[in-house]
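In: the following block contains a protein sequence and its predicted model.
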Amino acid sequence: MRITFVKKIKLDGSFCKKCNEVQQKMDDAGQTEMIDEVLIADERDPSSSGMELASLYNVEQAPFFLVEKDSEAPVIYTVYFKFVKEVLNQKTQEADELKEILNDNPDLDFL
């Protein structure tokens, strides 16, 4: 299995807030060592490796994880807690995953 982590640099040259938050969570949990490659999606450079990968897989959110397993098609994860649970096989809190989904999709709301 090969895991690529893609972080975004905004037009002003700073990393996106969520990218920093996810990086910190990964560092705190010791998950960074499980990542094979980190790519940067630089909004100032459409040909940056992360921007090209995002375009190839039609990903419009950052950060995201590309998970490649042998002969299977690559899988994209834009929700950190889902990635942790399904790929790293680590426990997560459902409330954390739902909160992240809601934060990423402000048009959604509870019923």
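Out: Ah, there it is. Nothing here was measured: the structure is a model prediction, and the numbers come from that model.
In: distance of Asp12 relative to Glu68?
Out: From Asp12 across to Glu68, the span is 32 Å (Cβ to Cβ, to the nearest Å). Bear in mind the C-beta positions are built from the backbone N, C-alpha and C, glycine included.
In: contact partners for Lys7?
Out: Counting by Cβ atoms under 8 Å, 6 or more residues apart in numbering, Lys7 touches 15-16, 19, 22-23, 38-41, 50, 62-63.
In: who's in contact with the closest residue to Leu11 other than its chain neighbours?
Out: Excluding its sequence neighbours, the residue lying closest to Leu11 (Cβ to Cβ, 6 or more residues apart in numbering) is Glu43, at 4.9 Å. Applying Cβ under 8 Å, 6+ apart, we find Glu43 in contact with 8-11, 51.
In: cool, and Glu60?
Out: For Glu60, the contacting residues are Ala54, by Cβ under 8 Å, 6+ apart.
In: confidence score at it?
Out: Looking at Glu60, its pLDDT is 92.
In: and what of Glu72?
Out: 89.
In: isn't there a strand covering it?
Out: No: with DSSP: H, G, I helix; E, B strand; the rest coil as the criterion, Glu72 is assigned coil and is not in a strand.
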